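J.: Generate coordinates for the sequence data below:
(chains A and B)
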Number of protein chains: 2
Amino acid sequence: MTERLVVIGGDATGMSAASQARRRRSASELEIVAFERGHRTSYSACGIPYWIAGDTNGPDALIARTPDEHRARDIDVRLGTEVTEVDPAGGRVRSRDADGREEWTGYDHLVIATGAVPVRPPIPGIDAPGVYGVQTLGDGEAALLGLDRTEVRRAVVVGGGYIGVEMAEAMLRHGLEVTLVDRDEQPMSTLDPDMGRLVRDALEGLGVRVVSGVTVRAVLTGDDGRARAVETDEGEFPAEIVVLGLGVRPGTDLARAAGLPLGAHGGLLTDRAMRVRGTERVWAGGDCVEVLNLVSGALQHIALGTHANKHGRIIGTNIGGGYATFPGVVGTAVSKVCDVELARTGLLEAQARAAGLEFVTALIESTSRAGYFPDTATMTVKMLAERGTGRLLGVQIIGREGAAKRVDIAAVALTAGMTVGQMVDLDLGYAPPFSPVWDPILVAARKAADAVAADIRKA
Amino acid sequence: MTERLVVIGGDATGMSAASQARRRRSASELEIVAFERGHRTSYSACGIPYWIAGDTNGPDALIARTPDEHRARDIDVRLGTEVTEVDPAGGRVRSRDADGREEWTGYDHLVIATGAVPVRPPIPGIDAPGVYGVQTLGDGEAALLGLDRTEVRRAVVVGGGYIGVEMAEAMLRHGLEVTLVDRDEQPMSTLDPDMGRLVRDALEGLGVRVVSGVTVRAVLTGDDGRARAVETDEGEFPAEIVVLGLGVRPGTDLARAAGLPLGAHGGLLTDRAMRVRGTERVWAGGDCVEVLNLVSGALQHIALGTHANKHGRIIGTNIGGGYATFPGVVGTAVSKVCDVELARTGLLEAQARAAGLEFVTALIESTSRAGYFPDTATMTVKMLAERGTGRLLGVQIIGREGAAKRVDIAAVALTAGMTVGQMVDLDLGYAPPFSPVWDPILVAARKAADAVAADIRKA
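T.: Residues are numbered from 1 along each chain as shown, chains lettered A, B, ... in the order given. Model prediction:
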């Protein structure tokens, strides 16, 4: 008998799940229906800042697989169709298409891949023309149209996280005066404040005005109704264009209404196989779920395309009759602003404390290549190691070319539960164009191991 | 009572050991005498090809610490002084200085850091003017002087390993016609033949003539006594300059004469603390020892600056009253020729077979960044996994910018004994400028895990 898989959300998780299930089960065994309320599938939201900056083309280049490509593989993609209700007991979902027609569709397997929704504070003017989000390809198109207007001279970016920092660069590249306003003490609160300070220095060095520790009260509009300034508790910042980079929250309104289990961060709770807890045939993944952080042992919400793709593949494998599980994350993230690269994995100081972990830290400066090599740039590496055991807890890196992806070394070491002492003699690739004779990660591990020993002697 | 540490060899291992011992023990506790038969200390031989290519200055820039800098830290560096005999029973070494004066020096601790000696086949003409090695800073100076001669138009590089390939690039950069002659089937026998083929293609694409599977019989000289061609079993290759890149062997003549234990590859055998086996106060490290390969379980000889520095630090820590051990290597190496990067870690197919390991392989093509990102380059990743267990056995990578250092991910995974299945969901750094949503290493791990499963089903 033919079963039916219903997918809610046509982006990374949903369509990866559909594709992977299709690889394992033919159309005669498994009918696949994917509801997408927008008009595109499988696109890279992570690419939007680079598209706006002019690094890449868009929006088509950011689409990994079009609806028609999915349809050619017997996946019934229904665009412009929003799922308005999930009925887990009845095994069906209610959808409404662009013409307002509603219908119920039964499922044998359901994948909830509803992604994340951007945070938009309910302040006056937030919906005014000239205010742009960076979530959908439509947002990107709107922002680019907005940038084309000749009177645009100044941009305010609200929010100093990855998207905010990337968008600050994009605005610079359009020749605008850029102000970044942020409620935190430093931009990049995904780094410790001492490392965030380096990002702030880098942004300021590029000409971005960074205003930290302020609360945005309103977007002020002009006589034409368009944004003209951002009002904060520390004054007004004029801007013909306002970019919102305030992060996202799990898009789980539908799941909540259906009584499905949500965690403390608002994301769906799943088991290891990415099945929604307490259900038998409902699966969820990507930006709408919470994931286990292997270092802290706690659940967290991380919206990141690489996790979303992995989740989709795992779900599709399981629905397709295979077996796959998601082990969890260690909290790796990389980004760049102009030629400054930043990376982190594991826990920040505050996260480690919140997890009940005590630690020592090491901070070192080294270089990306042998010191005598041309284009050698300095990089700063911060490492956290657990008191007593010396277990690696986290790494943060700020540097230039060749800095960010070194964080992968630490990501694997965290996954393996290595101590910083075990990392000192890791056999990392060495040649003058690629590394000093002691890779910066080894230098940091050495200093962290010394700090662990010093702490033990002191105790 | 003051003890005396005697060091033989003033480069990476010897001077790292001396410096680290000095950090832990003052001159009143430990006298340190370092014999160096040349006139420089602590230099980067790995940098010589880049110096000759014109990437870096030399020779001073390649010196990490001069003799006077060592002397300022109470290390008695004796240049131009060769140790001619080690007397382990008597605890003394005999040295001869530049004036031919010989003397015995007693030691409480001895560090043998005699490095490696370049392979120079005993063929006619090998010592003719115009034939250059790439081992010492003096070799580099000589080669650069040779290149300055106006009649130099063609170079033959003998040997297709790291040094040979790097020197082929250096010769190209001097505008010469370059022929690389090599006795192996493919250049880069440190890669599997299928991957070495890609290096060959890259070299040929750069304009290097690659002649494989030939034996060099002689260097032919002209009326002026200088090299004019390289004669092989497949004909003559004219050259005004001949570069020898035939690899190195452990420099252990002194150790052999002293009756110290050598392994099958001619290197000194040490315990985990880098103490020479069977001795109490003789230590050795760097290019003159054999190291344990953690993947094959066998000893091997690897001449690489990063190991040499680690060994020196470990030896110095132990002599200084601390405790440190060297865990072994996983066989990581990275290199580049023009903009082609190559890397390997773990075992090649032939090495795995020699270790009694059966395996499956996976070969994938992916990209260094998101496909839509500018300057995205393809990279080829080959992965070996053990039959049945799926344990990672080795990784080889060939690509362009961003390819080589990804091998570090696999180096850590090998050290941790991970399976390719465990690697599929590694939380590696993802952002469009740094990686596709599935990092190439993850794609390879996925395909290798599938190959392991297919092999199990078949069996």
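
J.: Who are the packing partners of the biggest helix by length in chain A?
T.: Across chain A, the longest stretch assigned as helix under DSSP state H is helix A:440-458. Applying 3 or more CB pairs under 8 Å, 6 or more residues apart in numbering or on different chains; DSSP states H and E, we find helix A:440-458 packed against strand A:359-367, strand A:378-386, strand A:392-399, helix A:420-423. Using the backbone N, CA and C atoms, a C-beta is placed for each residue, glycine as well.

J.: So for the residue in the stretch 101-250 of chain A positioned nearest to chain B, what's the nearest residue that isn't a sequence neighbour?
T.: Across the stretch 101-250 of chain A, the shortest distance to chain B (CB to the nearest CB) belongs to residue A:162, at 7.8 Å. If you skip the residues right next to it in sequence, residue A:162 has residue A:335 as its closest partner in space, 4.9 Å away by CB to CB, 6 or more residues apart in numbering or on different chains.

J.: Okay, and the beta partners of that neighbour?
T.: Note on residue A:335: beta-bridge partners residue A:342, judged by DSSP bridges.

J.: thinking it is in contact with residue A:404, fair?
T.: Yes - taking CB atoms under 8 Å as the contact criterion, residue A:335 and residue A:404 are neighbours in contact, 7.4 Å apart.

J.: Mutual contacts of the two, please.
T.: Each of A:341-343, B:431 lies in contact with both residue A:335 and residue A:404 under the rule CB atoms under 8 Å, 6 or more residues apart in numbering or on different chains.

J.: Can you tell me which of those residues is closest to residue B:445?
T.: Using CB to CB, the shortest approach to residue B:445 within these belongs to residue B:431, at 20.0 Å.

J.: What residues does the closest one make contact with?
T.: Residues touching residue B:431, when contacts are defined by CB under 8 Å, 6+ apart, comprise A:46, A:162, A:333-336, A:404.

J.: Lowest-confidence one in the residues you listed?
T.: Per-residue confidence across these is lowest for residue A:46, with 89 (pLDDT).

J.: That one belongs to a helix?
T.: Yes - with the criterion set as DSSP: H, G, I helix; E, B strand; the rest coil, the secondary structure at residue A:46 is a helix.

J.: Roughly how far does it sit from residue B:433?
T.: Using CB to CB, to the nearest Å, residue A:46 is found at 10 Å from residue B:433.

J.: so what sits against both of these two?
T.: residue B:370.

J.: And the residue nearest to residue A:212 when sequence neighbours are not counted, how close does it get to residue A:159?
T.: What sits nearest to residue A:212 in space, not counting adjacent residues and going by CB to CB, 6+ apart, is residue A:182, at 5.2 Å. Between residue A:182 and residue A:159 the computed distance is 6 Å (CB to CB).

J.: A helix includes residue A:166, no?
T.: Yes - Residue A:166 forms part of a helix when assessed by three-state DSSP.

J.: still on that earlier bit, name all residues that make contact with the residue nearest to residue A:162.
T.: For residue A:335, the contacting residues are A:162, A:165-166, A:341-343, A:404, B:431, by CB under 8 Å, 6+ apart.

J.: Buried ones among those?
T.: Buried residues within these, counting neighbours by 16 or more other CB atoms under 10 Å in any protein chain shown: A:162, A:165-166, A:341-343, A:404, B:431.

J.: about what we covered before: right, and the residue of the stretch 101-250 of chain A closest to chain B touches residue A:334 too?
T.: No - Residue A:162 lies out of contact with residue A:334 (CB under 8 Å); the separation is 9.2 Å.

J.: what's the domain layout of chain A?
T.: Here the domain parsing of chain A from automatic domain parsing is A:3-117+A:249-319, A:131-246, A:333-458.

J.: what residue lies at the spatial centre of chain A?
T.: Computing the C-alpha centroid of chain A and ranking residues by CA atoms, centre = their mean puts residue A:304 first, at 3.3 Å.

J.: What's the separation between it and residue B:172?
T.: Using CB to CB, one obtains 42 Å as the distance from residue A:304 to residue B:172.

J.: residues in contact with stretch A:211-229?
T.: Stretch A:211-229 is contacted from outside by A:121, A:123-126, A:128-131, A:156, A:158, A:160, A:179-187, A:200, A:230-234, A:236-242, using CB under 8 Å, 6+ apart.

J.: filter those residues to the buried ones?
T.: Burial by neighbour count, 16+ other CB under 10 Å: within the contacts of stretch A:211-229 this picks out A:125-126, A:128, A:130-131, A:156, A:158, A:160, A:179-183, A:186-187, A:200, A:230-232, A:237, A:239-242.

J.: which parts of the stretch 151-300 of chain A sit against chain B?
T.: With CB under 8 Å from any CB of the partner chain as the criterion, the stretch 151-300 of chain A meets chain B at residues residue A:162.

J.: related to what we said a few turns ago, can you tell me which of the contacts of residue B:431 is nearest chain B?
T.: When the contacts of residue B:431 are compared for distance to chain B (CB to the nearest CB), residue A:334 wins out at 3.5 Å.
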